[in-house]
Each structure stands twice: as structure tokens, then as C-alpha cells.
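Enquirer: What shape does this take:
(chains A, B and C)
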Amino acid sequence: GLKTLHLGSCVVTINLQEIQHGFSEIRDSVQAKDDNINIRILRSTESLQDTKASEKCCLLHHLLSFYLNRVFNNYQTTDHPTLRKLSSLANSFLIIKKDLQLCHAHMTCQCEEEAIAKYNRILSHFEELEPQAATVKALGELDILLRWMEES
Amino acid sequence: AAPGTEDSPALLQYVKFQSSNFENILTWESGPESPPDTTYSVEYKTYGESVWLAKKGCQGITRKSCNLTMETGNLTELYYAKVTAVRPGGQPFPKISERFSSLQHTTIKPPDVTCVPKVRSIQMIIHPTPTPILAGDGHRFTLEEIFQDLFYRLELRVNHTYQMHLGGQQREYEFLGLTPETEFLGTIMILVPTWSKESAPYVCRVKTLPDWT
Amino acid sequence: DPGAVVPAPQNLSVHSANMKHLLVWSPVILPGETVHYWVEYQGEYESLYMSHVWIPSSWCSPTPGPECDVTDDITATVPYRLRVRATSGPRASAWSALKPPFNRNSTLLLPPRMAVRKDGSHLVIELEDLGPQFEFFVTFWRKAPGAKEHAKVVRSVGFPVYLGAMEPGAVYCVKARALVRAIARRSAFSQAQCVEVQGEALPL
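Expert: Next up, the predicted model:
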């Protein structure tokens, strides 16, 4: 069930299967709340796997921070099972982010132009939307981010 | 009138994709009040795009399924499908599917296996599973090429008391140290851990050969 | 006494073994009243990013007894803050918090229980089912000087599994330990169990 991510010289092991499974249990209900299916935040043009190896760690670090700072904590639900799944996902993302911070400390998670440019484009797609709609859409696109990680 | 209101009774329900080994079939059911001569038209689009595309061959049909395998074959994309039901003289009634990702939603069929009994062993040869997904060079991707962590689990039941297990990503296996002229039940499954996928088992019942030595 | 204050639960602790986590506390005694308990938790994420948010436990919102199985709530390997309060009718106690927070990587991993037997010349093992997070590292060897040790990772549990073929007249021994990748830890080895195969021993 463990997956090793090779992000340039930064190598981390994550429990992707557990995270995928956790998200699959709330995916349909979250995606059903996304009314605007003409827009996508995580687009193929900014995908992780098509990013230069040396910059993958930086892009993923920014994306995890984005989800931790702006998505998980702003998604509104009164449904306790969904709240628990979100907590599980968020705490799993926190573990990955800590691992990436170790890479950063060891200078193997450098941020250069490409990663920053891609992240800023993703952020602009997010900020074009009304805040709560953007949060719902970003959470509904978690499967895209997980697939990017799986294919990295 | 808005779909599903009194003037436009629900002519349509349960619009969803049924996917198996990346063969993606859209299915739906008629509504409680739809007359038999209701016709259906299917459109599809990539998530994030604004344009709906009509599916040729599924316009004004009466059957309740439509093969969208080729239209939804890009593994990096997500899709939506829309079915519009029309009854003579009535308002069209559209209904959209849930967001579809073939990687996530497809189920895995049992593998294709040849079980070869010998005197004191049974060989199992698993054949690659082609999918409708086309690679850049035109060849059809196999399941093994699509899922990096795909592996096989093989079990041989020995006279109902215990099981022998083999497993891995290679295609040829052999259960050794068996008793001649004895019946065994073999089951072989495909597993994809990352996506929590597990195929139904392929089952073969074989008898080891007599030992004439 | 409807006006009396409901005392807060005391002596919170977590008993955790083989990735099963049980929060326990001292019962609150209110003669003639029915007391219920409510358990809530925060993972490290909630503590850092949403400290005002506490999540009701899956099985103990409320619960009648002074314990709560929080296994389904502790789903990541991070520190979890847990808290409990007691209620009697409309009245509620203050919250009592577990100190220090609990991390599942502190769970006690016990050597697995196993049954080793032979079927003809086949060495067979059955391991207890400890849940989907467990794998078992099994080693087996022929009891003879200089004999090589064989190793196998077994994930199938709850029914007998073939380990290897044995030679007639020999004694074979097996031991196993539990592995939990989610917390990157393993148990001690179980006591070795040995079986003897009938028949003439082959010359070495």
C-alpha cells in the first residue's frame, strides 16, 4: 500500500492507497456540489508529472500547503462522517508536507521558475471563483492531485 | 419548464457509467412516467471544457445504453455525459452523469489464465489483458502497462484444508511439491493496490497427472 | 440534585495494542442519575489550522460507559488530542483533555499468535487476523546444524497457508513477527513452533 515518490533528489514514502481510499468515500458527494463543470483548477498543463524532476518537490510542497491552508479548513459541512474523512485526509497531507520540509532542509526541494509559475497559474484558476465554490471544486479535484502523485 | 417539474415529468433516472477493463458504457433508466416511445440523445464532454459534443450513433435512440469507450479514453481526463430524453410533443428532459474517471471507476475482469497440470506440480500462465486504450504508437495498452503496481495473487486450495499462495508481477507461476493424480482448485486474481481494485477470481479445477515412474 | 454541577471525567488514558486504541477514564458517579459521556478529537492538522474545531468520535457521541474505542478516529500517524465530558440530562461537565496527545505509533505490537502444522510433506501456518494494516514476517528452518533460514511475508490470515516442502524424518521450526507499515514498526518474534515429518531421514 506504500508508494515511494521520486521528486528529483527528494524521495518520500506515502500511504497513497489509504489516502485514495479515504477520498473515494466522499468524492461523489463533494463533486456533486460542484456546479461549474466548465472550469478546472488542476489542469493537465500544470501537472506534476510533466514538471522538471528537480522542481517537482517544490510544486507538490506548494500544492499541499494550498490544500492545508485554503481548502480542508474552509470546506463547510455538518456531516460528521465527511468531517472525519476530511480530518484523515488533512492529517495525511500534513505528514507528507513534513517529509517535503525535510527535503527542503536538505536542499533537495529547490523552487525555481517553472514550479512557481505553474503554482501561480493554479492559484489564479482557484481565485477566479467565488470562495466557497472554489473550495468545493478544489476538494473535488483531489483525485487529480492524487493521480499526479501516483504518476510521479 | 425546468427538468423534473410537474410539466416535465422525470423521463430519465440513474444516468451513470458502467466501466470494466476501460470499456466505458453509459447506461440510464426511463422515468416512472416516460412513455415507451421516448427517445434519448447522448452528449459528452471533458471536465473543465464548456462544449458538449454529440455522440454519433446515440442520437434519438430508444435503447438505454451508449458505448462511450473511445470518447472517454484519455486516462488523464475526467468526463461528464448528458442524456436528453424526449417524448413526442413534450419537453426535453436532460440529466447529467457524475464526474467520470475511468482510472478510478473501472472494475477489473478476471485474468485470462492457462492452468497446466503436471505430475507433481501445476503451472499457471497468465495472459496479458488488452484494453481499448490506445497508446501513441497505436498499440492497445494492457492493464499491466496502465497500472504500475498491478500484481497477481494465485491461490491453490489443497484438499479443503489449506492454501498455497504465489504472487507477483510476472506472468508464469508453478505450484510445486504436489501429490500426483490429485484434484486441486486454483484461483487467480488481479490486484491494483493504489486504486484498491481487485478482480473477480479466474478459477481452474485441475488434476495432477499420474506418476508412471 | 438538578442544580448540582456535573464533575468532569478524570484519569484519561489510552490503552493501545496491535493498532486498537481504547480511551478510558474514571466514571462520574451521580447517584440516581444517568450519566453519558461525549468524546471528541483533533488531529495535529486541526490543532494547527482549525484549533476551534473538535470532531465528534465515531462511536462515543454519546456513550454510556467510561471507555471509548477511538481506533476508527485515529487514522493518521500524528499526535491526536482527545477530550471527554459527562452529561446528565441537560447538564454537562467541563471537558477533560488527554495529556499528552496520543500518537498511534506508540501502540504495543504483540508477537502474533500462530498455528503451525504439517500436511504430508507440506509445512503449513495459520496466523491470527489482526486487521488490514498487518503483514507477517515468517521465518522457517530445518532443525539441523547449519540449516538455512527461509523467510516469507504473509498477508493472508484467518486460514492455513503453505510455507514450504519438508524432507522426511526432519524437524522444522517456524516463528513470526507482525509488521505495520503505516507506523513503520514491527513486533517481537513469536515463540518458535516445531513439527516433525514422518519417514526415514534422508542422508545430509
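Enquirer: Name whatever forms a beta bridge with the residue in chain B positioned nearest to chain C.
Expert: Evaluated by CB to the nearest CB, chain B has residue B:162 as its residue closest to chain C, separated by 3.4 Å. C-beta here means a position set from N, CA and C on the backbone, and glycine is covered the same way. Assessed by DSSP bridges, residue B:162 has beta-bridge partners residue B:158.
Enquirer: Chain A contacts on chain B?
Expert: Taking CB under 8 Å from any CB of the partner chain as the contact definition, chain B meets chain A at B:45, B:47-50, B:76-78, B:80, B:96, B:98-99, B:101, B:103-104, B:148-149, B:193-196.
Enquirer: are any of those buried, and which?
Expert: B:45, B:47-48, B:77-78, B:80, B:99, B:101, B:103-104, B:193-195 (16 or more other CB atoms under 10 Å in any protein chain shown).
Enquirer: can you redo those residues as a markdown table with pLDDT, distance to residue A:90 and secondary structure?
Expert: What follows is those, written out as a markdown table (pLDDT from 0 to 100; distance: CB to CB, whole Å; DSSP: H, G, I helix; E, B strand; the rest coil):
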| residue | pLDDT | distance to residue A:90 | secondary structure |
| --- | --- | --- | --- |
| B:45 | 97 | 31 | strand |
| B:47 | 97 | 24 | coil |
| B:48 | 96 | 25 | coil |
| B:77 | 94 | 27 | coil |
| B:78 | 97 | 23 | coil |
| B:80 | 97 | 28 | strand |
| B:99 | 97 | 22 | coil |
| B:101 | 94 | 22 | coil |
| B:103 | 93 | 23 | helix |
| B:104 | 92 | 21 | helix |
| B:193 | 89 | 23 | helix |
| B:194 | 86 | 20 | helix |
| B:195 | 89 | 21 | helix |
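Enquirer: biggest separation within these, which pair?
Expert: B:45 and B:193 (31.6 Å; CB to CB).
Enquirer: For chain B, which residue gets nearest to chain A?
Expert: For chain B, CB to the nearest CB, closest residue to chain A: residue B:48, 2.9 Å.
Enquirer: Backbone dihedrals for that residue, please?
Expert: phi 100, psi -20 (degrees, to the nearest 10).
Enquirer: quick one: contacts for it?
Expert: A:37-40, A:43, B:78 (CB atoms under 8 Å, 6 or more residues apart in numbering or on different chains).
Enquirer: residues touching residue C:123, list them.
Expert: Per CB under 8 Å, 6+ apart, neighbours of residue C:123: C:116, C:140, C:162-166, C:172, C:174, C:195.
Enquirer: Can you name the residue of chain A nearest chain B?
Expert: residue A:40 (2.9 Å).
Enquirer: before we move on, what SS does that residue have?
Expert: coil (DSSP: H, G, I helix; E, B strand; the rest coil).
Enquirer: Just give the number of residues close to it.
Expert: 19 (other CB atoms under 10 Å in any protein chain shown).
Enquirer: Setting aside sequence neighbours, what's the nearest residue to residue 72?
Expert: Unless you meant another one, I'm taking chain A. Nearest residue to residue A:72, sequence neighbours excluded (CB to CB, 6 or more residues apart in numbering or on different chains): residue A:90, at 4.1 Å.
Enquirer: The chain in question should be chain C.
Expert: Nearest non-adjacent residue to residue C:72 (CB to CB, 6+ apart): residue C:58, at 4.6 Å.
Enquirer: tell me the SS of that neighbour?
Expert: coil.
Enquirer: for chain C, what are the nearby residues on chain A?
Expert: Going by CB under 8 Å from any CB, the residues of chain A near chain C are A:1-2, A:15, A:18, A:22, A:68-69, A:72-73, A:80, A:83-84, A:87-88, A:90-95.
Enquirer: The residues you listed, buried ones only, as a PyMOL selection?
Expert: Applying 16+ other CB under 10 Å to the residues of chain A next to chain C, the buried members can be selected in PyMOL as follows:
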select buried, chain A and resi 1+15+18+22+68+72+73+83+84+87+88+90+91+92+93+94+95
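Enquirer: Identify the residues contacting the lowest-mean-pLDDT helix or strand in chain B?
Expert: In chain B, no helix or strand scores lower on mean pLDDT, DSSP states H and E than strand B:162-168, which sits at a mean of 89. For strand B:162-168, the surrounding residues in contact (CB under 8 Å, 6+ apart) are B:124, B:151-158, B:173, B:175, C:119, C:122, C:124, C:126, C:154, C:156, C:159-162.
Enquirer: swap the cut-off to 10 Å and go again
Expert: Residues from elsewhere that reach strand B:162-168, judged by CB atoms under 10 Å, 6 or more residues apart in numbering or on different chains: B:122, B:124, B:151-158, B:173-178, B:184-189, B:191, C:117, C:119, C:122, C:124-126, C:152, C:154-156, C:159-164.
Enquirer: From the residues you listed, keep the buried residues only.
Expert: B:122, B:124, B:152-158, B:173, B:175, B:178, B:184, B:186-189, B:191, C:122, C:124-126, C:152, C:154, C:156, C:160-164.
Enquirer: And the helices in chain B, which stretches?
Expert: Here chain B has its helices, by DSSP state H, at B:102-105, B:143-146.
Enquirer: Please apply the same query to chain A.
Expert: A:16-24, A:27-32, A:53-66, A:80-105, A:113-127, A:131-140, A:142-150.
Enquirer: by how many degrees do the fourth one and helix A:131-140 diverge?
Expert: What separates the directions of helix A:80-105 and helix A:131-140 is an angle of 80 degrees, with axes from the mean of the first three to the mean of the last three CA atoms, to 10 degrees.
Enquirer: Nearest residue to the residue of chain C found nearest chain B in space, please, no chain neighbours.
Expert: Nearest residue of chain C to chain B (CB to the nearest CB) works out as residue C:160 at 3.4 Å. Nearest residue to residue C:160, sequence neighbours excluded (CB to CB, 6+ apart): residue B:162, at 3.4 Å.
Enquirer: How about residue B:205?
Expert: Of all residues beyond its chain neighbours, the one nearest residue B:205 is residue B:185 (5.5 Å), with distances taken as CB to CB, 6+ apart.
Enquirer: is it true that the one you found touches residue B:154?
Expert: No - between residue B:185 and residue B:154 there is no contact under CB atoms under 10 Å: 11.6 Å.
Enquirer: Output the below-cut-off pLDDT ranges for chain A.
Expert: A:1 (pLDDT under 70).
Enquirer: Near chain B, which residues of it? Just list them.
Expert: A:1-3, A:16-21, A:23-24, A:27-28, A:30-32, A:34, A:36-44, A:47, A:49-50, A:125, A:140-141, A:143-144, A:146-151 (CB under 10 Å from any CB of the partner chain).
Enquirer: contacting residues for residue C:171?
Expert: C:141-144, C:147, C:194-197, C:201.
Enquirer: One more: residue B:36?
Expert: Counting by CB under 10 Å, 6+ apart, residue B:36 has contacts B:30, B:62, B:87.
Enquirer: With pLDDT, neighbour count and distance to residue B:22 added, can I get those in TSV?
Expert: As requested, the contacts of residue B:36 are exported to TSV (pLDDT from 0 to 100; neighbours: other CB atoms under 10 Å in any protein chain shown; distance: CB to CB, whole Å):
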residue	pLDDT	neighbour count	distance to residue B:22
B:30	93	19	28
B:62	95	10	27
B:87	90	20	34
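Enquirer: For chain C, which segments are assigned as helices?
Expert: Going by DSSP H, chain C shows helices at C:44-49.
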